[in-house]
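> show me how the following folds:
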Amino acid sequence: SLFDDEEAGVAGGHGEVEREVEPGGDDVQGEGDVALLRPPRIGASEERGEDSDGEAHGQSHPGRVRVRPTLDIANSHRNGRQPMRAIVYTAAGGPDVIAIRDVAALTAGPGELTVRVKAAGLNRADIYQRRGGYAAPPGWPPDIPGLEYAGQVETVGPGVTRWRPGDRVMGLVGGGAQAELVKVREAEALPIPGNLAYAEAAAIPEVFYTAYDALITRGRLQAGERVLIHAVGSGVGTAAAQLAKHLGATVIGTSRSADKLVRARTYGVDVGIDTSRTALRDAVSEPVNLVLDVIGGPALADHVALLAPRGRLVILGLMAGRKAEIELDPLLHKRLEIIGSVMRSRGPEERAALVRELAERLVPLFEPGEGEPVLRPVVDRTYPMEQIAEAHGAMERNENFGKLVIEIR
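This next block holds a predicted model:
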């Protein structure tokens, strides 16, 4: 879901942190094909770096450690495992509810890995969860945020054959990535391309998974089509622009920042629309075949009007509202499709199937071939985990272009 959008417009949550929600789900759509085109060079190359294998781990944050029923630190000590540090939401509220705490260490079960996290992406979903409005799905830590990670395999559970300790991996989880260790299923980890540093790899999973699924699997984008991408300066926006340009589409991007629109041209945007100055319908001169929407209700009528016959609207977020009233006639006459999608609520089988497809078709595009890589993670800034509150503030002020990444030390 497009929760790292730069145009937030929802109210903060109130009350205590929710501990469970009803599971959601998406219907599995037909798979699309990624044409391995060789696009024009996308921007200048970024300096790559490697982390050493033997990083020192920080000491515990001063103050009393809050022990939770699901985080049995005493039992961790009895089993000979040292507690791990994690970013924790102590309640629902502002950045002041964020703490760094010692929590129970993790053990890999059958078919699972524990990963020593080097970097974790920050997403708009983490902000909503902190406010109390977006609980973690069942089975994931209710108070440790983080949807994406990059790091090294620490341990492997029984039956694991694909990975070994020391392997560099990245991936998407339902929560808990902003900690020294995260536990993942073997089938849901991806290899980190050798040319990428951990901070760059941590900027890939949430935004490129979402962009690939929205553009290709659900949106069925084809070469020569026109795609409208909202919040094109966001993490998902910059990822979607690169993928759409690689597929041979004309990319139209929106933002409320003229500077972000200029920067987005480096990543494949052909036409930029400053929605703080121009009404969307007035600015889009020709119908579009696909819309990636994070706005929600208030923009629905505009999107239906702008779509060409047999156009597709993929809704990834509801940042400006959950309700809309529209005339249904255009949906019938133009044979339009409205498709909803969210990553976090998907079950393990659906996630594993997507990871297999991404390993084959997406990950190679981050590796250099004859020239520069086709795709590049866009990292705006990195923060040490001790500055997590500052990172939340930057995202809430919409300062970032691309991703904010937390380094776990």
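> from here on, contacts and neighbour counts on C-alpha atoms
OK.
> buried sites along stretch 351-371?
351-352, 354-355, 358, 362-367 (16 or more other CA atoms under 10 Å).
> ditto for stretch 189-202
Per 16+ other CA under 10 Å, stretch 189-202 contains these buried residues: 189-193, 195-202.
> and what of stretch 251-266?
For stretch 251-266, by 16+ other CA under 10 Å, it's 251-258, 260-261, 263-266.
> and it, how far out from the chain middle?
Relative to the centre of its chain, stretch 251-266 is centred 19 Å away, using CA atoms, centre = their mean, to the nearest Å.
> could you say what helices and strands the lengthiest strand in the chain packs with?
Taking DSSP state E as the criterion, the chain has its longest strand at strand 112-122. In terms of contacts (3 or more CA pairs under 8 Å, 6 or more residues apart in numbering; DSSP states H and E), strand 112-122 is packed against strand 148-156, strand 181-185, helix 198-201, strand 403-407.
> nearest approach to D329 belongs to which of these?
strand 403-407 (39.3 Å; CA to CA).
> so which residues make contact with that closest one?
4, 118-123, 178, 199, 202-203, 234-235, 378-385, 388, 391, 395 (CA atoms under 8 Å, 6 or more residues apart in numbering).
> which is the succeeding secondary structure element to the longest helix seen in the chain?
Identified as the longest helix of the chain according to DSSP state H is helix 348-361. Counting by DSSP states H and E, the next helix or strand C-terminal to helix 348-361 is strand 379-384.
> ok and that next one relative to strand 403-407, angle-wise?
20 degrees (axes from the mean of the first three to the mean of the last three CA atoms, to 10 degrees).
> for E206, see how far away the closest residue to G94 other than its chain neighbours is.
Leaving aside its sequence neighbours, G94 sits nearest to R131 (CA to CA, 6 or more residues apart in numbering; 6.6 Å). Remark: distance between R131 and E206 (CA to CA, to the nearest Å) = 20 Å.
> more crowded one of those two?
E206 (27 against 24; other CA atoms under 10 Å).
> please save the CA atoms from the host helix or strand of the more buried one in CSV.
In the assignment (DSSP H and E), E206 maps to helix 205-212. What follows is helix 205-212, C-alpha atoms only, in CSV (Å, rounded to 0.1, in the frame of the first residue of the first chain):
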residue,chain,number,x,y,z
PRO,A,205,10.7,-4.2,-0.6
GLU,A,206,7.6,-2.2,0.4
VAL,A,207,7.7,0.3,-2.5
PHE,A,208,8.9,-1.9,-5.4
TYR,A,209,6.6,-4.8,-4.3
THR,A,210,3.7,-2.4,-4.3
ALA,A,211,4.6,-0.7,-7.5
TYR,A,212,5.2,-4.0,-9.4
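> and the end-to-end length of stretch 117-127?
Start-to-end, stretch 117-127 (CA to CA) is 20 Å.
> just how off-centre is it within its chain?
That offset, for stretch 117-127, works out to 8 Å (CA atoms, centre = their mean).
> hang on, the earlier thing: nearest to P141 among the buried residues of stretch 251-266?
Once CA to CA is applied, the member of the buried residues of stretch 251-266 that ends up nearest P141 is S255, at 33.5 Å.
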